[in-house]
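Participant: make a model of this:
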Amino acid sequence: SKAIFDLECSINDSRMTVLGGEFAVAMMIEGNWNALAKLASNCPSLEQQLGLKIMTKQTKGRKQEAELLPYEVDLVALDHPGIVHHLANFFSRRKINIEELATSSYAAAHTGSAMFSVHIVVSIPADVHIASLREEFMEFCDTMNLDAVLEPIKL
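Facilitator: This next block holds a predicted model:
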């Protein structure tokens, strides 16, 4: 963050986590063109100084094409391959965007069973009938033996 601050840029959005034994961060950095170009050109030396792998990519603002409803999914299940794939496919087939997704694996407290949890934020188009979507989602979860809820995000 010091290199970003030193060039008078700012971090607009970021996500940080530790995956395995590695630190990972994604940042949306804003600044004037010269400062951003200088920051990108400094990346190789920053990688060596900090012991990190740095990748940069220019982005543009996101266009809001339609009214979208923010919902969240919280899911817990016995861990098995394909959970994220099937969830992503469920929402993708219905043109529902996944905005955020976080997963974790853990051992159940009393049984030691391998468990898997998922938290997803989705954007549901306003023309989607929520009751029907919720029913389809619950049927999907029953078929996959997943315990989940689909709820609106309340601020």
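Participant: okay, now the domains of this structure?
Facilitator: Split into domains by automatic domain parsing, the chain comes to 2-50, 68-152.
Participant: most tightly surrounded among these?
Facilitator: Of the domains of the chain, the one with the most neighbours on average (mean count of other Cβ atoms under 10 Å) is domain 68-152, at a mean of 14. Where you see a C-beta, it was placed from the backbone N, CA and C, and this is true even at glycine.
Participant: tell me the average confidence for that domain?
Facilitator: Averaged across domain 68-152, the pLDDT comes to 97.
Participant: try stretch 46-62
Facilitator: Here the average pLDDT along stretch 46-62 is 87.
Participant: any buried residues in that stretch, and which?
Facilitator: Buried residues in stretch 46-62, counted by 16 or more other Cβ atoms under 10 Å: none are found.
Participant: just how off-centre is that stretch within its chain?
Facilitator: From the chain centre to the centre of stretch 46-62 is a distance of 18 Å (Cα atoms, centre = their mean, to the nearest Å).
Participant: what of stretch 36-47?
Facilitator: 26 Å.
Participant: repeat that for stretch 142-155.
Facilitator: For stretch 142-155, the distance to the chain centre is 16 Å (Cα atoms, centre = their mean).
Participant: what about that stretch, start to end distance?
Facilitator: 29 Å (Cα to Cα, to the nearest Å).
Participant: and the helices in the protein, which stretches?
Facilitator: In the chain, the segments counted as helices under DSSP state H are 2-6, 33-50, 83-93, 130-144.
Participant: report all helices and strands that the shortest one contacts.
Facilitator: What that stands for is helix 2-6. Contact analysis of helix 2-6 by 3 or more Cβ pairs under 8 Å, 6 or more residues apart in numbering; DSSP states H and E lists helix 33-50 as its packing neighbours.
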